[in-house]
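A.B. asks: mind folding the following:
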Amino acid sequence: MQRWTSVVGAAQLARQLASQQQERPARPGQRRPPAYRALADGIRLLVLEGRVPVAARLPAERELALALSVSRTTVAAAYEALRGEGFLESRRGAGSWTAVPPGNALPARGLEPLPPESLGSLIDLGTAALNAPEPWLTRAVQGALGELPPYASTHGDYPAGLPALRATIAARYTRLGVPTMPEQIMVTTGAMGAIDAICHLFAGRGERVAVESPSYANILQLIREAGARLVPVAMGEGVSGWEMDRWRQVLRESAPRLAYVVADFHNPTGALADEDRRRLLVDAARAAGTVVVADETMRELPLDDVDMPRPMSAFDPAGSSVITVGSASKAFWAGMRIGWVRAAPEIVRSLVAARAYADLGTPVLEQLAVAWLMDTGEWDDAVAWRRAQALENRDALVAAVRRELPSWEFTVPAGGLTLWVRTGGLSGSRIAVAGERVGVRVPSGPRFGVDGAFEGYVRLPFTVGGALAEEAASRLAAAARLVETGAPLGPEPPRTFVA
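C.D. replies: Numbers count the residues shown, from 1 in each chain. Below you'll find the predicted structure:
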């Protein structure tokens, strides 16, 4: 049985190792390890940082030796060291593929949002969600109540969503340059409800789903629980993120049924895919017979002056190769559990038919509230306020982390709600445990990876600003000091959800 899910070529691995050496040059006077040990350490770090996915087949020893201009004996010794440490598995006739030792393969658990009354002095950075925008929330509910009487005289079940809201959402896509009919829209209970329905329709048990690595923790867990097999595609460094050579290779060799992507202010990295990458990804997926699920929940949150690329659906207006998911939860309020799917009418009909065995429909009052916001223009005003709030929080958090933790590395995203931070060589999982000891909750990097990757990262959302951001960074610095000193911390508390 094939154990690997993707392939790393010799030239590609050589480039990644060279880039790694440039990022982490040897310190003056530092003793150089043997060549095989340096190579093994380099590959191990690429795996732990998610740049080389877990379960990726590595080049044959002879091929990698030629690409690196080293002896085959050096590569063989490095591979043997990695096997002994649990970072490589091999089988005669099948080659060698990356792995992580059992102790490193932390589950991608999340942190459930704590009730506000239970927080006390704890600063909660586990959830990328902000407080409700007022007075818009109150106005929307009042407007919805005024529209409710005609619907109250019906049974109240609308499996595809209220016709008025479907038409409103379709009109918004049309204004973005993607002509859309109401028949192409299905209203769901949040984006999670939308993606859950898509996975059950397209990706049954054993099917492959390509995902960015890192990716949104809740979706990774949702796909696992659906029985599908995750195929990670490593994100590149910086704001561009998506490396098309990697995507083409995975789509060609693994032929996944679905590809889940967050092209708009990616969660957790904040990267924004440009139009060329979007077009190339859709073309490559179509050629492989893969359906792209484009998560647009962060799309309305540009924080800097950026030219927003067209939606992924612009490169497949019919909606047969690209299924778009949107939501009110990030742009407006997480308590407004309204999401939607844009797809071909026949796909929408299949999703609606399957819904009879799930949740039947989405709450009418909340649908009316979102429709009122969008139809009156109040939505745009509320989202503008949300962007200003997130921008202020982002800048405060960035300044505080840079001051308190100068060795931590990150790229400031131009939008979204999250900062993806490399923790200066410290364990993100241990920082998460230590953080709760000193009064700050953060999700560790492995929650956003597959099979233990991203141990050296944490995700920080833009949910606090001002003095609270400064205090959060101060507590994170205290947690980092605990980890550096090797203080006993105990296991990370079991949690189940990260928003």
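A.B. asks: can you give me the domain assignment for this structure?
C.D. replies: Structural domains of the chain, as assigned by automatic domain parsing, span the residue ranges 6-98, 116-129+381-484, 138-376.
A.B. asks: dump these into TSV; add mean pLDDT and mean neighbour count as well.
C.D. replies: Backbone N, C-alpha and C define where each C-beta goes, glycine included. Putting the domains of the chain into TSV (pLDDT from 0 to 100; neighbours: other Cβ atoms under 10 Å) gives the following:
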stretch	mean pLDDT	mean neighbour count
domain 6-98	84	17
domain 116-129+381-484	92	21
domain 138-376	93	20
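A.B. asks: which residues are contacting the helix or strand hosting Thr138?
C.D. replies: Mapping Thr138 onto the secondary structure by DSSP states H and E places it in helix 136-147. Here helix 136-147 makes contact (Cβ atoms under 8 Å, 6 or more residues apart in numbering) with 332-333, 336, 365-366, 368-373, 376, 378, 381-382, 385.
A.B. asks: so the residue lying closest to Ala99 once chain neighbours are set aside is in which element?
C.D. replies: Closest residue to Ala99 in three dimensions, ignoring its sequence neighbours and counting by Cβ to Cβ, 6 or more residues apart in numbering: Glu89, at 4.8 Å. Using DSSP H and E, Glu89 falls within strand 88-91.
A.B. asks: please apply the same query to Asp395.
C.D. replies: Using DSSP H and E, Asp395 sits in helix 378-404.
A.B. asks: ok so, going back, so which of the contacts of helix 136-147 is the closest to Val442?
C.D. replies: Ranked by distance to Val442 (Cβ to Cβ), these are led by Trp333 at 22.4 Å.
A.B. asks: how near is the closest one to Asp274?
C.D. replies: Counting by Cβ to Cβ, to the nearest Å, the gap between Trp333 and Asp274 amounts to 30 Å.
A.B. asks: state the distance from Pro413 to Arg403.
C.D. replies: Distance of Pro413 to Arg403, computed by Cβ to Cβ: 19 Å.
A.B. asks: and Pro179, by the same measure?
C.D. replies: Looking at Pro179 against Arg403, where the rule is Cβ to Cβ, the gap reads 49 Å.
A.B. asks: can you check Val187 too?
C.D. replies: Distance of Val187 to Arg403, given as Cβ to Cβ: 44 Å.
A.B. asks: list the contacts of the residue nearest to Asp359 when sequence neighbours are not counted.
C.D. replies: Once its chain neighbours are removed from consideration, Asp359 has its nearest residue in Thr189; the separation is 5.9 Å (Cβ to Cβ, 6+ apart). By Cβ under 8 Å, 6+ apart, the residues touching Thr189 are 337-339, 359, 362-363.
A.B. asks: please save the CA atoms from stretch 210-218 in PDB.
C.D. replies: Extracted in PDB, the C-alpha atoms of stretch 210-218 (Å, rounded to 0.1, in the frame of the first residue of the first chain):
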ATOM      1  CA  ALA A 210      -5.500  18.700  -0.600                       C
ATOM      2  CA  VAL A 211      -5.000  21.400   2.000                       C
ATOM      3  CA  GLU A 212      -2.600  24.200   2.600                       C
ATOM      4  CA  SER A 213       0.000  23.600   5.200                       C
ATOM      5  CA  PRO A 214      -0.600  25.300   7.600                       C
ATOM      6  CA  SER A 215      -4.400  25.600   7.400                       C
ATOM      7  CA  TYR A 216      -7.400  26.400   9.500                       C
ATOM      8  CA  ALA A 217      -7.400  24.000  12.400                       C
ATOM      9  CA  ASN A 218     -11.200  23.400  12.600                       C
END
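A.B. asks: give me phi/psi at Thr324?
C.D. replies: Thr324 adopts backbone torsions of phi -100, psi 140, taken as degrees, to the nearest 10.
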